[in-house]
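Asks: Return a 3D structure for these sequence lines:
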Amino acid sequence: MDIKTIKTIESATEKSLSSFAKLTLSLLFLLAVFLWTYSSHGTVPDNTFLIIGAIFGAYMALNIGANDVANNVGPAVGAKALTLTGAIIIAAIFESAGAIIAGGDVVNTIKSGIIDPALISDTNSFIWAMTAGLLAAAIWLNFATSIGAPVSTTHSIVGGVMGAGIASAGFAILNWGSLAEIASSWVISPVLGGIVAAAFLFFIKKQIIFRENMLEQANKFVPYLIAIMTWAFTTYLILKGLKQLINIGFWGASFIGILFAVVSYFLMKRYVSQTSKNLTNDRASINTLFTIPLIFGAALLSFAHGANDVSNAIGPLAAINDAIVNSGGTAGVSASIPFWIMLVGAIGIVIGLVLYGPRLIKTVGTEITELDQMRAFSVAIATAVTVIFASQLGLPVSSTHIAIGGVFGVGFLREAIDITEKKFVQDIREKFKKHKKDLERSQQELAKLEAVKDKTKNTYIKIVDLFKKIDDIEAQVKQEKKDFKKAKGAKYVKRDAVKRIIAAWLITVPTSALLAAGIYYMIKGIVAV
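Replies: Here you go, the predicted model:
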């Protein structure tokens with residue numbers, strides 16, 4: 001889907017659903033959460049912060065849906081494997097299913113052990129800290145979405161909890177080892193994602209696209225590529241999406257993944273063989289073979305994301321609920337999740353996706369680099385493979401950064417090896433040389449005619465014709481210089497988008513932390529009064 005098409009869709013959407021209407025629907029959802037929490041917990045002592053925390057948790061879920069889900073479906077939309085409407089429907093179904101079915105009975109509310117909650121001796125301070133962390137992370141995500149920057153929701157909530165924790169108990173509360181891991185993930189995640197995605201795309205180009213008989217090569221290699229994808233997504237889903245339902249380690253999950261991969265290999269071998277009979281030997285036809293795997297990939301990534309990242313919205317809320325309803329205090333870092341809290345997270349993600357998700361889907365799918373099916377396939381498989389192996393190696397990674405890094409990777413690979421661009425540059429160079437020689441010859445001929453003392457009518461006519469010819473050639477040379485400069489400097493990755501996204505990544509944790517600290521002190525001041 002090109003930018004023009006998406007702008008047309010957005011324009012139509014704006015006409016049918018204005019910004020005011022979107023805001024109204026969002027506020028109605030927050031109001032519904034408020035009414036439910038108040039009516040169901042009205043008799044609970046000190047329930048004010050539970051109600052406030054539920055509203056902030058719902059607000060955070062809205063922003064997760066608006067920002068983070070784009071990484072799962074954006075590449076498929078950009079590659080035209082899915083329409084924008086189809087992507088939203090698939091993501092909504094599988095995100096909510098993942099959040100409700102596999103969101104987990106226990107969520108670590110202090111992500112990555114970022115603080116030691118035992119150092120917050122006062123229960124009220126702990127509740128204020130969780131409330132401040134939630135609101136700060138949600139505000140930052142809201143801002144990032146408004147400028148079209150896909151950021152890590154995990155890093156947002158980590159920064160929020162960290163800042164509120166420091167405000168409540170000082171720097172001694174921090175786990176510096178976890179902070180170092182988070183900082184290193186800013187580099188490790190996008191670099192690994194980019195390298196793996198570029199490697200898969202390079203393999204596809206080298207073994208299929210750059211060969212004379214592309215269909216024959218596709219019959220040979222596409223089933224293997226889909227089998228690898230099946231293994232990666234099955235393993236990823238078991239380890240990340242279903243970890244709260246079934247406790248299976250890497251080797252067990254990998255073995256199950258291999259079984260599914262073998263089945264998918266034979267199914268895809270037959271499918272590619274039958275489909276290729278109706279295809280032509282060109283790149284566009286090869287691209288169509290990756291459409292169905294991309295749709296499945298977007299669905300599975302959405303399910304795993306819903307199961308894994310819903311905790312960023314409801315984890316701190318569960319801690320607040322535990323501290324208030326069960327007098328859980330601050331000692332525990334885990335809290336059981338009531339079903340109503342799971343619903344708040346799941347419904348909030350879906351509403352945020354439907355109302356505000358298209359903006360970030362457009363950013364991921366079209367504004368970084370142009371994607372087709374094979375490029376989007378490379379990004380999707382890179383996300384799953386990188387998360388799996390990085391987790392096993394103990395490397396701190398962010399799935400958001402990996403997915404965006406994958407988009408960067410395929411774009412930069414295009415810049416490095418795109419033969420069409422190189423041929424275009426070479427053609428312009430040859431034309432430039434030819435016209436330059438014509439210009440020199442014409443100028444020499446003109447000089448000879450002008451040197452003639454007794455010019456005839458014929459001589460003057462030739463001089464005028466040569467002047468006109470020289471003007472035409474100079475105009476052509478001037479235009480070719482512009483074309484050459486433009487072609488030689490062609491960029492397949494939009495630098496402005498890259499700079500904006502990386503800048504947002506770098507300031508996510510500190511910005512969320514500063515916001516949370518300020519909100520904590522504000523809450524403390526208000527309550528004290």
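Asks: how far away is Gly170 from Ile115?
Replies: Using CB to CB, to the nearest Å, Gly170 is found at 11 Å from Ile115. For glycine as for every other residue, the C-beta is placed from the backbone atoms N, C-alpha and C.
Asks: Which of those two has more residues huddled nearby?
Replies: Between Gly170 and Ile115, Ile115 has the larger neighbour count (other CB atoms under 10 Å), namely 27 against 10.
Asks: Can you list phi and psi of that one for me?
Replies: For Ile115, the backbone dihedrals are phi -130, psi 160 (criterion: degrees, to the nearest 10).
Asks: do the same with Ile526
Replies: In terms of degrees, to the nearest 10, the main-chain angles of Ile526 are phi -70, psi -50.
Asks: same deal with Ser152?
Replies: Note on Ser152: its backbone torsions stand at phi -80, psi 120 [degrees, to the nearest 10].
Asks: Verify the contact between it and Ser398 for me.
Replies: Yes. Ser152 lies in contact with Ser398 (CB atoms under 8 Å); the separation is 4.4 Å.
Asks: So between those two, which is more surrounded?
Replies: Just comparing Ser152 and Ser398: by other CB under 10 Å the higher neighbour count belongs to Ser152, 29 against 26.
Asks: Local confidence estimate at the more buried one?
Replies: At Ser152, the model reports a pLDDT of 86.
Asks: ditto for the one 5 residues further on
Replies: The model reports Ile157 with a pLDDT of 88.
Asks: Helix or strand next in line after whatever helix or strand it lives in, which one?
Replies: Assessed by DSSP states H and E, Ile157 sits inside helix 153-169. Downstream of helix 153-169, the next assigned helix or strand under DSSP H and E is helix 176-204.
Asks: helices or strands next to that following helix in the packing?
Replies: Counting by 3 or more CB pairs under 8 Å, 6 or more residues apart in numbering; DSSP states H and E, the packing neighbours recorded for helix 176-204 are helix 153-169, helix 214-236, helix 373-392, helix 399-417, helix 495-528.
Asks: can you give me the angle it makes with helix 214-236?
Replies: Between helix 176-204 and helix 214-236, the angle comes out at 160 degrees (axes from the mean of the first three to the mean of the last three CA atoms, to 10 degrees).
Asks: angle of helix 176-204 against helix 373-392?
Replies: Between helix 176-204 and helix 373-392, the angle comes out at 150 degrees (the same axes, to 10 degrees).
Asks: buried sites along helix 176-204?
Replies: 178, 181-182, 185-186, 188-194, 196-198, 200-202, 204 (16 or more other CB atoms under 10 Å).
Asks: swap in stretch 155-171?
Replies: 155-169.
Asks: Over to stretch 210-221?
Replies: Residues Arg211, Met214, Leu215, Gln217, Ala218, Asn219, Phe221 are the ones in stretch 210-221 that count as buried (16+ other CB under 10 Å).
Asks: these two touch, right, Phe412 and Val191?
Replies: No. If you go by CB under 8 Å, Phe412 and Val191 don't touch, sitting 11.4 Å apart.
Asks: Quick check, central residue of this protein?
Replies: In the chain, the centroid-proximal residue (CA atoms, centre = their mean) is Asn71; its distance is 2.9 Å.
Asks: distance of it from Gly257?
Replies: Relative to Gly257, Asn71 is positioned 22 Å away (CB to CB).
Asks: mean confidence score for stretch 347-366?
Replies: Mean predicted confidence for stretch 347-366 is 87.
Asks: Tell me the gap between it and the middle of its chain.
Replies: Remark: stretch 347-366 is offset 11 Å from the chain centroid, using CA atoms, centre = their mean, to the nearest Å.
Asks: which outside residues touch stretch 492-507?
Replies: 144, 147-152, 155, 186, 190, 363, 367-370, 401, 404, 408, 411-412, 414-415, 418 (CB atoms under 8 Å, 6 or more residues apart in numbering).
Asks: so how far is the first residue of stretch 210-218 from its last?
Replies: 11 Å (CA to CA, to the nearest Å).
Asks: got any ranges where the stretch 151-300 of the chain has weak pLDDT?
Replies: Along the stretch 151-300 of the chain, segments meeting pLDDT under 70 span 241, 243-244.
Asks: Could you do the stretch 351-500 of the chain as well?
Replies: Along the stretch 351-500 of the chain, segments meeting pLDDT under 70 span 394-396, 418-436, 439, 460, 477-491.
Asks: Can you name the residues in contact with the helix or strand hosting Leu28?
Replies: In the assignment (DSSP H and E), Leu28 maps to helix 19-40. With CB under 8 Å, 6+ apart as the test, helix 19-40 has contacts from 47, 50-51, 54-55, 57-59, 62, 340, 344, 347-348, 351-352, 355-356.
Asks: Could you look up the SS state of the most far-flung residue of the chain relative to its centre?
Replies: Relative to the centre of the chain, and counting by CA atoms, centre = their mean, the farthest-placed residue is Asp454 at 75.9 Å. With DSSP: H, G, I helix; E, B strand; the rest coil as the basis, Asp454 sits in coil.
Asks: quick one, what contacts it?
Replies: Under the criterion of CB under 8 Å, 6+ apart, the contact list for Asp454 is empty.
Asks: cool, Ile120 as well?
Replies: Applying CB under 8 Å, 6+ apart to Ile120 gives the contacts Phe126, Ala129, Gly165, Ser168, Ala169, Ile173, Thr330.
Asks: Could I get the phi/psi values of it?
Replies: Here is the backbone geometry of Ile120 (degrees, to the nearest 10): phi -100, psi 100.
Asks: From Asp282, how far off is it?
Replies: Applying CB to CB, the value for Ile120 to Asp282 is 63 Å.
Asks: Identify the residue spatially nearest to Thr235, adjacent ones excluded.
Replies: Nearest non-adjacent residue to Thr235, counting by CB to CB, 6 or more residues apart in numbering: Gly257, 4.0 Å away.
Asks: oh, I was asking about Ile204
Replies: Closest residue in space to Ile204, ignoring its immediate chain neighbours: Met374 at 5.2 Å, by CB to CB, 6+ apart.
Asks: Would you mark the buried spots in stretch 459-479?
Replies: Going by neighbour count (16+ other CB under 10 Å), the buried part of stretch 459-479 is Lys462, Ile463, Leu466, Lys469, Ile470, Ile473, Gln476, Val477.
Asks: gap between it and the chain center?
Replies: Centre-to-centre, stretch 459-479 and its host chain are 54 Å apart (CA atoms, centre = their mean).
Asks: How about stretch 218-230?
Replies: Distance of stretch 218-230 from its chain centroid, counting by CA atoms, centre = their mean, is 24 Å.
Asks: which residues sit against it?
Replies: By CB under 8 Å, 6+ apart, stretch 218-230 touches 200, 203-204, 207-208, 257, 260-266, 268-269, 272-273, 276, 286, 289-290, 293, 297, 377, 380-381, 384-385.
Asks: What's the ChimeraX line that selects buried ones from those?
Replies: Command for ChimeraX that selects the buried part of the contacts of stretch 218-230, burial taken from 16+ other CB under 10 Å:
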select :200,204,207,208,257,260,261,264,265,268,269,272,276,286,289,290,293,297,377,380,381,384,385
